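Engineer: starting from these lines, generate the structure:
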Amino acid sequence: MFDFLKDIGLIVKYIVISIGYWKIFQKCGAKSVWAFVPVAREYQIGLCADMEEEGRTYSIMAFFSYCITIAIELTDGNNFNFSLILSIIYLALSIGLFIYLFRIQMGLIKVFGKAKKWILGFIFFEPVVALIWGFSDKFMPVKKVNIVPDSEGVKGLEEDVSAIDDGLTVNIKEKTSYFYFKKKTLLKDIHMTIPKGHMVLLLGGSGAGKTTFLNAITGYEKADASIKLGDLDVYEDYGKILYDVGFVPQQDLVRGNDTVTLTLADAAALRLPANIPFAERMERINKVLDQFGLTAVKNNLVDQLSGGQKKRVSIAMEFISDPTLFILDEPDSGLDGVVARSLFQKLRAIADEGKIVIVITHTPDRVVDLFDEVIVLIKDKTRTGRLAFYGGIKESYEFFGRNSMEEILMEINPIEVGGEGRAEEFVEKYAELMKGKVG
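Structural biologist: Below you'll find the predicted structure:
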């Protein structure tokens, strides 16, 4: 009977505190519904206290605390050693939770402009204090949760481009994700067509969504979008186009104790159809060795190669399947100018074979003459990736009024990182330029 009443008391206490925080969240501009959800409530308190980082840690600790509490109840003392371990962990978490809650509630007191002595009320009479702070008009925050406003003022193209048969068609409405109970728009309103035989530079500052964009167009992370490679839908026909898309990450994923030929043979076994005859597979391997200038070192261990040669092996591994769409993330990272240019010339030759090559590089100006077009992504005031320009290299200089890619980056980067902060201006300018050219 005592345990039953104790459980009822804890439930009532939780409900009363939740009601109080429900009103506090409303005052602070946080989502009030989270006041009734364990773990989410702890994070929202941190937001209201203007201590988001502490709120994240507090919510994670609360999650594990709830889990351990349930585990202790389920063991019910049947396994003494296990129960003891859980109890010790629970005690450590409880201490951590108290420390973080103390700091967060002190932050909340500061946000509401009240005396520090209120912390005693939170510690010993939290249900009553939560109700008073929530329902009394005498308790109002001096600042609200920093909710980034919707970027409705920035008008993009907002219209799909017509699909092309001989290339890549990208129509991304938006790409969203959830982070700590908050919906975040990562990409929005990106539309373009890239014909086969073109080599395209992907340009954008940190956080502009370049990697997210590449993941979306390759089908690795689906967006609210229509992505077509020729007449195939990348999302709906993913199994069919899986090996028709190659992606080379910045890091070299090769084993140093294998020869170059064996490395490519392993890649061929993974990326080529299993029914291809051995002779045809070796023919493909030898062709790729020749394309990337690796024939002379084909029997060398990868560890014996130079930095440029290792990078070419990494690229060759992805190109072994002869993909139509070939994407590379900083393939020139760590390479000097001469070696990097030689590498990009090989990529240019691949594009000239009728492939689509999209490249991210942090030193675009030393090889910009090898590209056909540039995609410029920016981060708007909502920290969403938007399309500021897609077109020829010469046209990009005219559009931005600059003479180099570095200058364009400077123009679109936020002021807080040393840029000019004109990104959203060009989103609208490009959308206006493209109106009437789509459909």
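Engineer: can we go C-alpha only for contacts and neighbour counts from here?
Structural biologist: OK.
Engineer: output the lowest mean pLDDT helix or strand found in the protein.
Structural biologist: Using mean pLDDT, DSSP states H and E, helix 2-28 stands out as the lowest-scoring helix or strand of the chain, at a mean of 82.
Engineer: which strands and helices sit next to that helix?
Structural biologist: helix 40-48, helix 126-135 (3 or more CA pairs under 8 Å, 6 or more residues apart in numbering; DSSP states H and E).
Engineer: poorly predicted segments of this structure, please.
Structural biologist: Filtered on pLDDT under 70, the chain yields the residue ranges 1-7, 76-80, 146-153, 180-181, 253, 436-439.
Engineer: and the longest helix for it?
Structural biologist: Under DSSP state H, the helix in the chain containing the largest number of residues is helix 80-111.
Engineer: give me the helices and strands touching that helix, please.
Structural biologist: helix 40-48, helix 52-75, helix 118-124.
Engineer: buried deepest among these, which one?
Structural biologist: The highest mean neighbour count among the helices and strands packed on helix 80-111, using mean count of other CA atoms under 10 Å, belongs to helix 40-48: a mean of 25.
Engineer: and the angle from that helix to helix 80-111?
Structural biologist: Per axes from the mean of the first three to the mean of the last three CA atoms, to 10 degrees, the angle that helix 40-48 makes with helix 80-111 is 30 degrees.
Engineer: quick one, helix 40-48 and helix 52-75 angle?
Structural biologist: On the basis of the same axes, to 10 degrees, helix 40-48 is oriented at 160 degrees to helix 52-75.
Engineer: burial of residue 201, as a residue count?
Structural biologist: Counted by other CA atoms under 10 Å, the residues lying close to residue 201 total 24.
Engineer: just confirm it is within a strand.
Structural biologist: Yes - assessed with DSSP: H, G, I helix; E, B strand; the rest coil, residue 201 lies in a strand.
Engineer: so it bridges to which residues?
Structural biologist: Assessed by DSSP bridges, residue 201 has beta-bridge partners residue 359, residue 374.
Engineer: how much space separates it from residue 114?
Structural biologist: Relative to residue 114, residue 201 is positioned 54 Å away (CA to CA, to the nearest Å).
Engineer: what do you get for residue 135?
Structural biologist: Here residue 135 is placed at a distance of 16 Å from residue 114 (CA to CA).
Engineer: all strands for this structure, in order.
Structural biologist: 167-179, 182-195, 199-203, 224-229, 232-233, 245-248, 325-329, 356-360, 373-379, 385-392 (DSSP state E).
Engineer: with respect to residue 36, which of the ones you listed lies nearest?
Structural biologist: Nearest to residue 36, of all the strands of the chain, is strand 182-195, at 16.0 Å by CA to CA.
Engineer: run the chain-centre distance for that closest one.
Structural biologist: Relative to the chain's own centre, strand 182-195 is displaced by 12 Å; criterion: CA atoms, centre = their mean, to the nearest Å.
Engineer: quick one: buried residues of that strand?
Structural biologist: Neighbour-count burial for strand 182-195 flags 184-195 (criterion: 16 or more other CA atoms under 10 Å).
Engineer: repeat for stretch 121-139
Structural biologist: Buried residues in stretch 121-139 (16+ other CA under 10 Å): 122, 126-135, 139.
Engineer: dump the residue contacts of residue 311.
Structural biologist: Each residue near residue 311 by CA atoms under 8 Å, 6 or more residues apart in numbering is listed here: 252, 331-332.
Engineer: now neighbour count too, for these, in CSV please.
Structural biologist: Formatted as CSV, the contacts of residue 311 follow (neighbours: other CA atoms under 10 Å):
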residue, neighbour count
252, 15
331, 25
332, 26
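Engineer: dump these into a markdown table; add distance to residue 306 as well.
Structural biologist: Compiled in a markdown table, the contacts of residue 311 are given as follows (distance: CA to CA, whole Å):
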| residue | distance to residue 306 |
| --- | --- |
| 252 | 13 |
| 331 | 14 |
| 332 | 13 |
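Engineer: could you find the closest non-adjacent residue to residue 257?
Structural biologist: Nearest in space to residue 257, with sequence neighbours left out and distances taken as CA to CA, 6 or more residues apart in numbering, is residue 301 at 5.8 Å.
Engineer: need the helices for the stretch 201-350 of the chain, in chain order.
Structural biologist: 210-218, 238-241, 260-271, 278-291, 307-319, 337-352 (DSSP state H, counting those that start in this stretch).
Engineer: ok, which of the ones you listed comes nearest residue 39?
Structural biologist: Among these, the nearest to residue 39 by CA to CA is helix 210-218 (28.0 Å).
Engineer: residues in a beta bridge with the residue nearest to residue 257, which ones?
Structural biologist: Under the criterion used (DSSP bridges), residue 301 bridges to residue 259.
Engineer: and residue 314, how many neighbours?
Structural biologist: For residue 314, the neighbour count with other CA under 10 Å is 22.
Engineer: ok now do the residue nearest to residue 39 when sequence neighbours are not counted, which residues does it touch?
Structural biologist: Spatial nearest neighbour of residue 39, excluding adjacent residues (CA to CA, 6+ apart): residue 59 at 4.9 Å. Residues near residue 59 by CA under 8 Å, 6+ apart: 39-43.
Engineer: identify, from these, the entry nearest to residue 15.
Structural biologist: Nearest to residue 15, judged by CA to CA, of the contacts of residue 59 is residue 41 at 12.1 Å.
Engineer: now that closest one: closest residue in space that isn't a chain neighbour?
Structural biologist: Distances taken as CA to CA, 6+ apart place residue 35 nearest to residue 41, at 4.8 Å, with adjacent residues excluded.
Engineer: for residue 108, what are its contacts?
Structural biologist: By CA under 8 Å, 6+ apart, the contact list for residue 108 reads 45, 48-50.
Engineer: okay, now the domains of the protein?
Structural biologist: Using automatic domain parsing, the domain ranges for the chain come out as 2-135, 167-434.
Engineer: residue 144: which of these is closest?
Structural biologist: Of all the domains of the chain, domain 2-135 comes closest under CA to CA, at 4.6 Å.
Engineer: any idea how far that closest one is from the chain center?
Structural biologist: Using CA atoms, centre = their mean, the offset of domain 2-135 from its chain centre is 30 Å.
Engineer: now the domains of the chain as a markdown table including distance to residue 160?
Structural biologist: Shown next, in a markdown table, are these (distance: least, CA to CA, whole Å):
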| stretch | distance to residue 160 |
| --- | --- |
| domain 2-135 | 34 |
| domain 167-434 | 6 |
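Engineer: returning to what we had before: from the contacts of residue 108, which is closest to residue 373?
Structural biologist: Using CA to CA, the contacts of residue 108 come closest to residue 373 at residue 50, 43.5 Å.
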